[in-house]
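[1] have a look; sequence and predicted model below, questions after that.
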Amino acid sequence: MKETLARNIAIYRKEKGLTQEELAQILGLSFQAVSKWENAQSMPDIALLPELSRTLEVSIDKLLGYTAQDKRITIYEEEYKTQDYYWGTEPNDACYQVLQLMPPTKRLRLLDIGCGEGKDAVFFARNGYEVSAFDVSDAGIEKTRSLAEKTGVHVHVFKADILDYRLDTHYDIIFSSGVLHYIKPEYRKEIFDNYKQFTNENGIHVFNVFVNKPFIAPPPEKEPNAYKWYSGELLTHYHDWLMKDSSEIVFDCNSSGIPHKHAMTNMIAQKITSFS
């Protein structure tokens, strides 16, 4: 918890445009105290948490790393509450690329970021990977568990917000489909640096992201927490990795019942640090 609180204080302080000195002055403390919090050398006194929460305009739960159960972050929370699977149960095409590039001939740990209702996470577990997955939607998490149980596999699934959650254990494969547009631009470098740090040598990241194109109309879904990406932007975070795929596609979509188009960057990058 100390590391989570330290990271979140730094994130939300910077988001408010405050220096450590300015935050300390508001709280009536020395800037060294705030510095120690953000370096996880100490924690704020419990009596300071309400004022810290008000100053940073974020709940105490979120500061401590807990995602509020009653806050609607994704527009799909209600969609996932039906018995039917909103996205179906067929895996994303990129799942088959993972099987080709890193078949589970040995123990391989895989993380599915923003797993939705679990179709991809369950596919990976069914094919022999050791799978962890997270999503911000309670209904999505429950459907992931249910699908895993019906399929007879285990997926370690938990609730987390992509903006707040950081890795502290290593994976061989990190996978994410249709989720990265929820990352605010100012968080992107830190988040991808964290993902890269906690990836094993020769491990891969398999990501896609919707990209903004002037000739494609905005999607009909009004997502309040979605942020624009541009062609090539995702790749800049992986200039030091081996690119296995860096394609861009335009495709038709009917997810909302209204026909529309998306442009998307697909990326597979491999971590290679040795010179052998």
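    That came in fine, so what should we check first? Being a predicted model, the structure only gives us computed values, none of them experimental.
[2] how close does V131 get to G152?
    Using C-beta to C-beta, to the nearest Å, we find V131 at a distance of 14 Å from G152. Just so you know, the C-beta spots here come from the backbone N, C-alpha and C atoms, and that holds for glycine as well.
[3] what about the two, which has more around it?
    V131 (30 against 9; other C-beta atoms under 10 Å).
[4] so who does the more buried one touch?
    By C-beta atoms under 8 Å, 6 or more residues apart in numbering, the contact list for V131 reads 110-112, 121, 124-125, 154-156.
[5] mark which of those residues are buried, thanks.
    110-112, 121, 124-125, 155 (16 or more other C-beta atoms under 10 Å).
[6] pick the one among these closest to T265.
    D112 (18.6 Å; C-beta to C-beta).
[7] tell me which helix or strand the closest one sits in.
    strand 109-113 (DSSP states H and E).
[8] any idea how far that strand is from the chain center?
    Relative to its parent chain, strand 109-113 has a centroid offset of 10 Å by C-alpha atoms, centre = their mean, to the nearest Å.
[9] distance between the next helix or strand after it and the chain's centre?
    Where DSSP H and E defines the elements, the next helix or strand beyond strand 109-113 is helix 119-126. Distance of helix 119-126 from the chain centroid (C-alpha atoms, centre = their mean) equals 17 Å.
[10] what angle do helix 119-126 and strand 109-113 make?
    170 degrees (axes from the mean of the first three to the mean of the last three C-alpha atoms, to 10 degrees).
[11] determine the number of other residues adjacent to C253.
    Quick note: C253 (other C-beta under 10 Å) scores 14 neighbours.
[12] so it versus P104, what's the distance?
    31 Å.
[13] what about the strands in the stretch 51-200 of the chain?
    Per DSSP state E, counting those that start in this stretch, the stretch 51-200 of the chain carries strands over the ranges 109-113, 130-135, 156-159, 171-176, 199-210.
[14] for I46, find the nearest of those.
    Among the strands of the stretch 51-200 of the chain, strand 156-159 sits nearest to I46 (C-beta to C-beta), with 24.2 Å.
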